[in-house]
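In: model the following, please.
(chains A and B)
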Amino acid sequence: MKKIMKVFAEVGFIFLCIMYLSPVYIVVTNAFKNRAELYENMLALPNNIHFTYFAEAMEKMNIINAFKNSFIVTSASLFVIVILASMAAWMIVRVNNTFSKILFMTFVATMLIPFQTLMMPLMQVMSWISKTTGLPLINSLSGLVYMNLGFGASMAVFLYHGFIKAIPKSLEEAAVIDGCNKFRVFWKIVFPLLKPVTVTVMILDMIWIWNDFLLPSLVLSDKQLRTIPLSTASFFGQFTIQWNMAMAGLLLAIAPIIIFYIVTQKYIIKGVASGALK
Amino acid sequence: MRKRKDMLWYILFVLPLTIVFTSVVIIPFVMGIGYSFFSWDGMPLNPKIYIGLDNYIKLFNDQRFIISALHTVYYTILAVVLINLLGFAFALIATSKLKLRNLGRTMLFMPYLIGGLILGYIWKFIFSDLLRAIGEMTGWTHIFYNWLTDPDLALVAIVIVSTWQMAGYVMIIYITGIQSIPEDVIEAGKVDGAGFWRLLFHIKLPMIMQSITICLFLTLSMSFKIFDVNFSLTGGGPSNATEMFAMNIYNEIFSLNNYGYGQAKAMIFFVIVAIITLVQVAITKKKEVSM
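Out: Numbers count the residues shown, from 1 in each chain, chains lettered A, B, ... in the order given. The predicted structure is shown next:
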């Protein structure tokens, strides 16, 4: 009897979880239907699998190009955030002068500022810099990476700072006596020790940057530069009424992150948990 | 000599990030304060006219702005309560003795990764077409109709979508809290004959106050800043009935081209968000001391 109850609880629990994900099921099943079949029954599996809407949605959203842009922006941003924030945080901890203290306080304090407060003046500053120096900050992927670095700096420095404080100095001092310069000490000895925070920073920033919509929509105006959220939004502007095609488009938009999640879910959940508790 | 060399290393390590950060966050913030005292339509060639505090005075008579603030408060209260209740319930199940709990945890967390914009589009189909189809099938057309055209229910729809997105996220934080309760404390409670509810209210909840504070304020500030779901699910409609704080600022600046006035709203928005967060930090710090 007790065993039957146990099995029942397990099945009930998983059924609940599957029901919770039913919106995803609705996207998947309707992405393969034609218009008539979709309106016949929106919850049923497709009778005939149509790939035509997929092909059309792929073309209209320019999904391969959007994926490429999202991938470039996300990976380049993660790369520069991790490198520059860990270096800065290490120096801020190890050289504990007044400037370091002020700098760290500034990083932490600015985490309070919501994006909407900065967006308009940010665009003015960026276009002014672009015009005066010729650096491509507006309407370019590298400009978006530059701004992501600026916005991601605070949290990354904060997380690295907390971790580095707990690392004993003695390891680094031994290396200095052996004649290593600061650059080598950092990359050979310190950075490998920071791996747990690096993973946390990368996961939190990846979720944010991959799904970010408002900042890219202000920075990137060129069609060819659209990231996945941008091309989804513009696609929806045009095809809201054709739901079967829209569903195919949505499935394409969520597929990369879901596949990535299935492969790395253990790390993602761990990273999110340790990031939120700091 | 050595001192100078150390100084150079310091600059090399700290300066690149500081320059980028200053140009992206600090300078725009300071300029934002300045812009909020001007009247400007955003065209580079048109003049910026200094009008002092007029933008801030105008705010208090702006019906659309005040209503958007009320929507935000109403939405935030509903969302914070629902997200935390559901997330906590999920965490209780996911820390039970079920064998499939890890699989369940993975599934429940998934919506958080999809991102507000795309979630909004997915649910747009559910609230408009699927609900209507269910209504036609069952005949209960007074419940099952396009919620997004109803001014009251459209806001509830946004609450449902955010809850679906965020419940799995706060679940992760609650799980960490529940798992940090020492096993023997719970065992002792059981030996003393405490049932499920007594264990929950007298042992588990008091032991995870830290997680509760974190989750409440995290959801509070996230809900207050909501933009993406608002944008994709309702676009602020029907007729501005679901326009919230962040979207009102966005529309004021980029749709109505009132750059100075919109920036004044954005500064007020900053002050409110900052207060919420500072209260959170104060409460969390206090709890740490007393424990």
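
In: quick check: the residue in the stretch 1-150 of chain A that chain B sits nearest to vs residue A:144, distance?
Out: Going by Cβ to the nearest Cβ, chain B is nearest to residue A:150 of the stretch 1-150 of chain A, at 2.4 Å. Just so you know, the C-beta spots here come from the backbone N, C-alpha and C atoms, and that holds for glycine as well. Look at residue A:150 and residue A:144: by Cβ to Cβ, to the nearest Å, they are 11 Å apart.

In: and for residue A:100?
Out: 29 Å.

In: who's in contact with the residue of the stretch 1-150 of chain A closest to chain B?
Out: B:20, B:21, B:23, B:24, B:25 (Cβ atoms under 8 Å, 6 or more residues apart in numbering or on different chains).

In: mind checking the SS state of residue B:145?
Out: The three-state assignment at residue B:145 reads coil, by DSSP: H, G, I helix; E, B strand; the rest coil.

In: with residue A:46 instead?
Out: coil.

In: pLDDT score for it?
Out: Note on residue A:46: pLDDT of 79.

In: give the contact list for residue 180.
Out: Chain wasn't specified; assuming chain A. Here residue A:180 is in contact with residue A:188 (Cβ under 8 Å, 6+ apart).

In: try chain B instead
Out: Taking Cβ under 8 Å, 6+ apart, one finds B:207, B:208 in contact with residue B:180.

In: re earlier: between residue A:100 and residue A:144, tell me which one has more neighbours.
Out: residue A:144 (26 against 18; other Cβ atoms under 10 Å in any protein chain shown).

In: am I right that the more buried one sits in a strand?
Out: No. Counting by three-state DSSP, residue A:144 is not part of a strand but helix.

In: separation between it and residue A:77?
Out: Residue A:144 is 8 Å from residue A:77, by Cβ to Cβ.

In: over to residue A:16?
Out: With the distance defined as Cβ to Cβ, residue A:16 ends up 37 Å from residue A:77.

In: quick one: which of the two has more around it?
Out: Neighbours were counted for residue A:16 and for residue A:77 using other Cβ under 10 Å; residue A:77 has more, 25 against 14.

In: which residues are in contact with the residue of the stretch 101-250 of chain B at minimum distance from chain A?
Out: Closest to chain A within the stretch 101-250 of chain B is residue B:115: 2.8 Å, counting by Cβ to the nearest Cβ. Taking Cβ under 8 Å, 6+ apart, we find residue B:115 in contact with A:207, A:210, A:211, A:213, A:229, A:257, B:228.

In: isn't there a strand covering the fifth one?
Out: No. Membership of residue A:229 in a strand is not supported by three-state DSSP, which gives helix.

In: neighbours of it, how many?
Out: Neighbour number of residue A:229 under other Cβ under 10 Å is 24.

In: quick revisit: most widely separated two among the contacts of residue A:150?
Out: Comparing all pairs in the contacts of residue A:150 by Cβ to Cβ, the longest separation belongs to B:20 and B:25, at 9.0 Å.

In: between those two, which contacts overlap?
Out: Joint contacts of residue B:20 and residue B:25 (Cβ under 8 Å, 6+ apart) are A:150, A:153.
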